[in-house]
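Peer 1: fold the following for me, if possible:
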Amino acid sequence: MPDGMTWPSSADELSAAQQRLAAAAPPPWHSPASPRVGGVFACFRRGYRGSGQAGEPGWAAATSYLGRRCVDRATVVGQAGAPYRPGLLALRSGPLLEAAVRALSLRPDVLLVDATGADHPRWAGLALHLGAVLDVATVGVTHRPLLATGDWPADEAGAMSPLLLDGALVGFWVRTRAGRRPLAVHAGWRTDPHTAARIVLASARVRTPEPLRQARRLARTARAAA
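Peer 2: The predicted model follows:
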């Protein structure tokens, strides 16, 4: 992780941290033969209008999968650090996501995050930032890009089409299932777009990759129980 990189407490601090992250050049991640693939997801209390607020209750869950088998899972409770603002998601949920991953006994080799990576105003979204803080390779998986653009791929499982930002490849539209909307898959910390797409396709039983889908389910179940 770049020297001095922590979770900032203000928009100005976060913007500066994102610029440092975008300029970092960590060694590329090389997947082991059977990687542990994790997922992490955060949600917040229902009922807040608009972008929510700092201090509202939040729940995060993380999973770790080896092949099709979940080998570890964890759920934590915390608070939102800030309201939601595009490009500044780390202020809202970064520490909560970190806590969920650190609660795992079996740390993933690569982590799927519900956030963007290089598809970002400063080329360093939360998926990339979280990987730097944890020193874990990451892949962003979202329903739509933040700034990048590209046409959808063919309607067949495994089809991909590029997502470009200012002419640079930052991810892919990935069709995990025919007849379903494709996912926006983002390069994150120590991963490139092709590696990111490969990990997502290998992890998807339904539309959303299983480690991320189950992390989402666990976080929402914890919220409902509260």
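
Peer 1: for stretch 97-106, which outside residues touch it?
Peer 2: 7, 36, 38, 40, 42, 60-64, 71-76, 78, 107-108, 111, 113, 126, 130, 133-134, 136, 215 (CB atoms under 8 Å, 6 or more residues apart in numbering). Glycine gets a C-beta too; all of them are placed from N, C-alpha and C.

Peer 1: okay, buried residues for that stretch please.
Peer 2: 97-101, 104 (16 or more other CB atoms under 10 Å).

Peer 1: ok, Trp59 - contacts?
Peer 2: 42-44, 75-78, 219-220, 222-223, 226.

Peer 1: for Arg207, same thing?
Peer 2: By CB under 8 Å, 6+ apart, the neighbours of Arg207 are 176-177, 180-181, 183.

Peer 1: just the buried ones out of these, please.
Peer 2: Buried, going by 16+ other CB under 10 Å: 176-177, 183, out of these.

Peer 1: so which of those belong to helices?
Peer 2: Among the buried ones among the contacts of Arg207, no member is found in helices (DSSP state H).

Peer 1: inside strands: which ones of these?
Peer 2: Those of the buried ones among the contacts of Arg207 mapping onto strands are Leu183, per DSSP state E.

Peer 1: which one of the buried ones among the contacts of Arg207 is nearest Gly117?
Peer 2: Set against Gly117, the nearest of those by CB to CB is Leu183 (13.4 Å).

Peer 1: mind listing what the closest one touches?
Peer 2: Leu183 touches 141-143, 173-174, 176, 200, 207-208, counting by CB under 8 Å, 6+ apart.

Peer 1: contacts only, for Leu163.
Peer 2: With CB under 8 Å, 6+ apart, Leu163 has these contacts: 119, 145, 148-150, 169-173, 184, 186, 193.

Peer 1: rewinding a little: which of the buried ones among the contacts of Arg207 sits closest to Gly52?
Peer 2: Leu183 (24.3 Å).

Peer 1: I'd like the distance between the residue nearest the centre of the chain and Ala196.
Peer 2: Taking CA atoms, centre = their mean, the centroid of the chain lies closest to Val113, which sits 1.8 Å from it. Distance, Val113 to Ala196, by CB to CB, to the nearest Å: 11 Å.

Peer 1: which neighbours do those two have in common?
Peer 2: 139-140, 188.

Peer 1: need these in CSV (columns: pLDDT, distance to Arg20 and neighbour count).
Peer 2: Below are those laid out as CSV (pLDDT from 0 to 100; distance: CB to CB, whole Å; neighbours: other CB atoms under 10 Å):
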residue, pLDDT, distance to Arg20, neighbour count
Val139, 98, 21, 33
Gly140, 98, 19, 33
Gly188, 97, 16, 36
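
Peer 1: between the residues you listed, which is nearest Leu21?
Peer 2: Gly188 (10.6 Å).

Peer 1: my guess is that closest one meets Leu128, correct?
Peer 2: Yes: applying CB atoms under 8 Å, one finds Gly188 in contact with Leu128, separated by 4.9 Å.

Peer 1: overlap in contacts, these two.
Peer 2: What both Gly188 and Leu128 touch, as defined by CB under 8 Å, 6+ apart, is the set 117, 138, 140.

Peer 1: now the shared contacts of Val113 and Ala196 as a markdown table including secondary structure and distance to His30?
Peer 2: Shown next, in a markdown table, are the shared contacts of Val113 and Ala196 (DSSP: H, G, I helix; E, B strand; the rest coil; distance: CB to CB, whole Å):
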| residue | secondary structure | distance to His30 |
| --- | --- | --- |
| Val139 | strand | 14 |
| Gly140 | strand | 19 |
| Gly188 | coil | 15 |
